[in-house]
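Asks: just to be clear, the model below is a prediction. Sequence and coordinates:
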Amino acid sequence: MHGENPHAATPRGRQRRGLSDHGKRFDLERDDPASRPQFHPTRPGRCFGTLHPLHRRAGTAHPPGFIASITPRGESEMSERRFLKPLLAIAFTFAAASVAASPIEEIVVTATKRVANVQDVPVAVTALSSIQLDRAGVKDLRDLPTLSPSFNMNASQTESQGSTLRLRGVGTTGNNIGLESAVGVFIDGVYISRPGVALGDLFDVKQIEVLRGPQGTLFGQNTSAGALSIKTKKPLLDDTEFWASGTAGNYDSYDLKAGGNIPLIPGKLGLRLAGAVRKQDGFVHSLTSSGESMNRDRQSFRGQLLWEPTDAMSFRLIGDYSNADENCCDAAIQQESPLVAAGAFAAAGLPANAGVVASGDRALKHRQTNGSPFKNPFKQYGLSLEWNWDTDLGTVTYLGSYRSFKADSVQDSEYVGADVYRVQPSYAGGYKTYDDIKNWTNELRMQGVNGRLDWLVGGYFSNEQIVEHQGLGLGADYGQYVSATGWYGAILPLVGSSLDGVPLTTGGTFGDVTSATNPAVAFAGGVDPAGSYAQNNFQQDARTWSVFTHDTYSLTDKLDLVLGLRWTDEHKAGSFVQAYGQSPACANTLANAAGLPSAASQVGGIAVALMCFPFATQVGLSPVTPAQFDKHFNDNELVYTLKSTYAFTDDVNGYASFTHGFKSGGFNLDSTAAAGGADPRFLSEKTDAWELGVKSDLFDHTVRANAALFYMQMHNFQVLEFTGVQFKTFNVDKAVSKGLEIETETSPIDGLDLSLDYTYADARYPGDCNGSSTAPSIVALCGQNLTNAPHHVVVAGVNYERPIGATDLSWFVNTSTRWESNRRTSTQAIVPGTNLSAPVDSQHDNAKVNLRLGVEKGAGQWSLELWGNNLFDKQTKNVTFNVPLRGIASLGTAARGVFFDAPRTYGITLRTQM
C-alpha cells in the first residue's frame, strides 16, 4: 500500500508515462518477486524504484520569462567561458552518441503525494536512489550537494542549532532554535522541524527527492524554498533479506551498517530492521587544548512493521532511535584583530596573542583552532504510523508521528585559548545547557480520480514544544580581555585624559581608570567580572493546523491545469525566564556610565556593552541589559499554486507555474531579544515564485534534458546576524533569487552513464531591499548576495562498468565533480571603511572531485570498493563571523572567524546482500 495512491485510475485524457507508456512500471515493494526483472546494482532495470547508479534522477524547476541577466554581475567573460565550454562539449557528446545509446529508465516520484513519472510532474525535483547515494558516498545530508547543484548546507557553532539548508541560494541561517528552516525535511512523510535534527545517518534509504521552489500546498508552511523528501525502504511481505556493509578510512574512521527483512506472516505482515554505527576522528585541531572537533561517534537504529490485512488496507509502523557524542563546531581565526599587533592585550596584562596561536592562512591550511572543542552530544527518537485504505471514492491516508530530540552543549564560545567565557553544562540549581524539541503531527488526506479530475483534500495538525536552557559564565581573563578590546582599543584613544577629573559613582575619578592596567575592572569599581553568570531558560510552544487541496484537471489530452490551496493557522507562545544570575561588575559599570557627562555617552556605551555581556548578565539591571518576556505570536496565511502543463509530444512536456509560499514567524530565543523594550518576535516570511520548465526524453529516450527558469521574491526575509556580542534577528523587506537549472543524462554506450547538471542562481538583496527601514544592519545588506549562494554550480558524473571475462564479476569506476563559483560567506554586510575586506568573507571558486573504484559479484551479492571524497583536498570555508569580544566591528578592529568544510577522506568499503 502507498499513501500516494499508486493504484488510482488516470483521468480521462492523455495517459501519463510511467503508468503505461514506455514499459511496465513496477512497485518493487508490492509485486511478486518472481515477476520482477533482475536488477544489477550498477545497471538497474528501467522501472519504478530504481534509478541510474550515478546521476539517474530527474526534474528541473522552471520559472517565468525574465531571461534577463543570465550573465552574472561582476564575473568576467573568461569565467563564463570556463564553465560554458564543458557544458557545450558534453551536450554535443550526448547528441552525437545517441545512436548507440541505451534508453533511460523511467523515474517515479511522489512529489505531488501521488505516484507519477518524474517527467510528467510540474515540479522541479531531483530523485536520488539508494544505489546513487552509495556510489557518491552520501552518509548524511552534508554530502548531498555532491549530487544536486541547487542544494547546499553548512553547520556552524553547533550542528543541533547552527545547520542551514539552502535551495537556489535561499535558506535561513541557523544558530537560533526559534528560527525554522526555509527548506523542509520529511522522512517517510514526517516533518523534521529543525535541520540539525535531520543530520542523522542515512541508511536503508530507498530514495531522496530534492524538491526546488515553494512546496507549501502539499508539504506545509516551512518549505518556502523547497523540501527534501527522504523515503526509507519498506518491509517486504514475501521476501527474506539480509544486507551489511563495512567501511574503514582515514581519520581512523569506520562505518558499519546492517539490516534485514523477515515476512512474519507471508503476504500479510513484514518486519524490517536496520542499524548503523559510525566513528571518525576530528579533522579540526586545537593548538591550545590538544582537542579535536568535527569527529563522528554515533549509533542509529530503525525498526518497521508493515501489515496488510486486506488488499485494500495497510498499516506501516516505524520506530527509530539515534544518539551521538561528538564535538562540533570549532572555528579558526581567519583574520586577526589589529589590536594584537598594537599590543592592546599585552598592555592589559594578558599574553600578547591573548590565546591565539594559529591564525590566517596557516590556520586555514592546517585546520587549526585555538579554543577547546565544542561538545554537542544528542539523542533522538521517533514513532510514526501510516494507514492507507483504498475505497471506491479514493484512497484515505492517515500519518501520525511523535518525535523527541535533545542536545546538550559545552562550548568554548570565544574561540581562543584565554579563559574569557564558556557555555557550561550546569550552574546554580543544577540546570544544564541543552535544547529539547518535542513534536506531534497528524495528517489525514484523501485522493481520488473522477473523470478528468485528479483530486486531493486533507487536513494537518502539529503541536511542538521547544525548551532551551543556556548557562554561561565569565572566566578569569574576561576583565583584561575587554580592557584590551574596549578600553585600549577604543575608549582610551578616544578620550585621552579629557575625563580624568570626572568623579565616579563607585568612588574615585575617571583618571584612576585611565591609569589602571585593567581599566574595565577599574571602571567597575574594582569588581572583577570573573564568576559572573546567568542561567537563561527559553520555551516556545507552537500549534499549527491547516486544510489543503491539490487538484489536477485535464482540459484536453495535452493540457492540464493544477490548483493547490492550503490555509494555515498558527499560534506560538514564547518566553524567556532567567533562573539565576549575578553580575556585580556590570551593575557598577552601569552606575558609573550613567554619571558621565552626556558628551561621553559613547564611552559609557562601549564600557557597558562589553562588561554587561548579555549572555551572562542579570536581567533588569537597566533598559539596555537582558529583559524577560512572555508573549504570543499568531498568524495565518493562504498559500496556493497555479500551474498549467502541456504535452508538446509524447516525450516533451512543458509547464508554467505561480506559487505563493509561507514560512513561520516566531521568537528570537535570545537573552537580548527584548532588551531596551524591543519586540522579541519576527514576522513570517512570504515567497512569490514563478517558474517555466520543460522536461524531455530525446533520441528514442536515450537522452534526458530538463530545464527550468525561476524567479522567487521573498518578503520579510528572515535574517540572523551575530554582531560579536549578541544574535540579532530581523526581517528584510525584500530578497530575490532568479536563475536557470539544467539537468542532462545519457548512456552513450553500454555500461557508460554520463550526467551533467548546471544551476545559475542570482540570489541577493536588491538595491531597495530595506523598504521603509533605515536600520543600518538592513540598509547595508542591500545589493549584497545572499550568504553561501554561488551564482554558478556545475555537477558532472561518470559511471562506467564492464564484466570481467566470462565470470559473473564486473568492475566499475564512478566519479562525481561539483564546481561552484565564488560565494559570500558572511551573514553581515561588508562595512565600508573597515578591515572586513571581500576576500575574508568570500570563498573563491572551487571544484571537488569524488572517485570510487570497485569490483562486484553478480546482482549485488557482494562488492569491494576503494573510494576518495574531495580527492584533491580542496580547503573551503562555509561561514565567517565576528569573533566574540575580540575587537569591535564598527571600529574595524574585530577578528574574523571561519568554520571549515570537510577535507579529503578515503577508504575501503565491503558490501554484501543475500
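Replies: On my side now, so go ahead.
Asks: off-centre distance for the helix or strand where Q132 lies?
Replies: Following DSSP states H and E, one finds Q132 within helix 130-135. Distance of helix 130-135 from its chain centroid, counting by C-alpha atoms, centre = their mean, to the nearest Å, is 21 Å.
Asks: grab the nearest non-local neighbour of D733.
Replies: G771 (3.1 Å; C-beta to C-beta, 6 or more residues apart in numbering). (Each C-beta comes from the backbone N, C-alpha and C, glycine too.)
Asks: now do the one you found: how many residues are near it, please.
Replies: 14 (other C-beta atoms under 10 Å).
Asks: so how far is C782 from it?
Replies: When distance is defined by C-beta to C-beta, to the nearest Å, G771 is 10 Å away from C782.
Asks: again, but for A673
Replies: 24 Å.
Asks: the more surrounded of those two?
Replies: Each of A673 and C782 has its neighbours counted (other C-beta under 10 Å); A673 has more, 27 against 20.
Asks: ok but the more buried one is inside a strand, no?
Replies: No: secondary structure of A673 (DSSP: H, G, I helix; E, B strand; the rest coil): coil, not part of a strand.
Asks: and the gap between it and S664?
Replies: Distance from A673 to S664, by C-beta to C-beta: 17 Å.
Asks: the residue nearest to D733 reaches N731, doesn't it?
Replies: No: in this structure, G771 is not within contact of N731 by C-beta atoms under 8 Å, at 9.4 Å.
Asks: on the three-state scheme, K365 is what?
Replies: helix.
Asks: list the contacts for the spatially closest residue to it that is not a sequence neighbour?
Replies: Leaving aside its chain neighbours, K365 sits nearest to Q875 (6.6 Å; criterion: C-beta to C-beta, 6+ apart). Contacts for Q875 were tallied using C-beta atoms under 8 Å, 6 or more residues apart in numbering; they are 364-365, 367, 900-901, 903.
Asks: what helices or strands is the helix holding Q132 leaning on?
Replies: Applying 3 or more C-beta pairs under 8 Å, 6 or more residues apart in numbering; DSSP states H and E, one finds that helix 130-135 makes contact with strand 205-212.
Asks: average pLDDT for the next helix or strand after the strand it packs on, rounded please.
Replies: Per DSSP H and E, the first helix or strand lying C-terminal to strand 205-212 is helix 216-219. The predicted model assigns helix 216-219 a mean pLDDT of 95.
Asks: who are the packing partners of helix 216-219?
Replies: Helix 216-219 packs on strand 533-554, strand 559-582, strand 629-647, strand 652-663, going by 3+ C-beta pairs under 8 Å, 6+ apart.
Asks: tell me which of the ones you listed sits most buried.
Replies: strand 652-663 (a mean of 22; mean count of other C-beta atoms under 10 Å).
Asks: okay, now the sheet partners of the helix or strand just after that one, with direction.
Replies: Per DSSP H and E, strand 652-663 leads on to strand 666-667 as the next helix or strand towards the C-terminus. Here strand 666-667 is paired, per DSSP bridges, with strand 681-682 (antiparallel).
Asks: what is whatever helix or strand comes next after the partner strand packed up against?
Replies: On the C-terminal side of strand 681-682, the closest following helix or strand by DSSP H and E is strand 685-698. Applying 3+ C-beta pairs under 8 Å, 6+ apart, one finds that strand 685-698 contacts strand 652-663, strand 703-722.
Asks: which neighbouring elements make contact with the shortest one?
Replies: Okay, so that is strand 652-663. helix 216-219, strand 629-647, strand 685-698.
Asks: buried residues, the last one. List them.
Replies: To tie it back to what came earlier, the one meant is strand 685-698. 685-687, 689-698 (16 or more other C-beta atoms under 10 Å).
Asks: so where do the strands sit in the stretch 251-400 of the chain?
Replies: 253-265, 269-280, 284-286, 292-293, 296-310, 313-324, 332-335, 368-369, 378-390, 395-408 (DSSP state E, counting those that start in this stretch).
Asks: sketch out the low-pLDDT regions of the stretch 401-550 of the chain for me.
Replies: 424-431 (pLDDT under 70).
Asks: go with 50
Replies: Along the stretch 401-550 of the chain, the model assigns pLDDT under 50 to no residue.
Asks: check for me that S890 belongs to a strand.
Replies: No: counting by three-state DSSP, S890 is not found in a strand; it is helix.
Asks: all further residue positions should be reported with the first residue as 8.
Replies: Understood, numbering begins at 8; the last thing we discussed is S897.
Asks: could you give the number of residues near it?
Replies: 15.
Asks: now G683
Replies: Quick note: G683 (other C-beta under 10 Å) scores 10 neighbours.
Asks: what sits against it?
Replies: Per C-beta under 8 Å, 6+ apart, neighbours of G683: 630-631, 634.
Asks: surely E166 meets N383?
Replies: Yes: using C-beta under 8 Å, E166 is in contact with N383, at 6.1 Å.
Asks: which one of the strands of the stretch 258-407 of the chain lies closest to T119?
Replies: Among the strands of the stretch 258-407 of the chain, the nearest to T119 by C-beta to C-beta is strand 402-415 (13.4 Å).
Asks: and the residue sitting nearest the centre point of the chain, what element?
Replies: When C-alpha atoms, centre = their mean is applied to the chain, the residue found nearest the centroid is L172 (2.1 Å). According to DSSP H and E, L172 maps onto strand 170-174.
Asks: just checking: what are the partner strands of the helix or strand following that strand?
Replies: As assigned by DSSP H and E, the chain's next helix or strand after strand 170-174 is strand 177-178. Using DSSP bridges, strand 177-178 pairs in its sheet with strand 170-174 (antiparallel).
Asks: is P910 in a helix, a strand, or coil?
Replies: Under three-state DSSP, P910 comes out as coil.
Asks: give me the pLDDT value at it.
Replies: 94.
Asks: which phi and psi does the residue lying farthest from the centre of the chain have?
Replies: Most distant residue from the mean C-alpha position of the chain: G508, 55.1 Å away (C-alpha atoms, centre = their mean). Backbone torsions of G508, given as degrees, to the nearest 10, read phi -90, psi 0.
Asks: what sits opposite the residue nearest to it when sequence neighbours are not counted in the beta ladder?
Replies: Distance criterion C-beta to C-beta, 6+ apart; nearest residue to G508, sequence neighbours excluded, is T516 at 6.0 Å. Beta-bridge partners for T516, by DSSP bridges, are P510.
Asks: give me the distance between the two termini of stretch 503-520.
Replies: 11 Å (C-alpha to C-alpha, to the nearest Å).
Asks: brain fart, stretch 110-123
Replies: Termini of stretch 110-123 sit 19 Å apart (C-alpha to C-alpha).
Asks: can you give me how far that stretch is from the chain middle?
Replies: Worked out by C-alpha atoms, centre = their mean, stretch 110-123 lies 25 Å from the chain centre.
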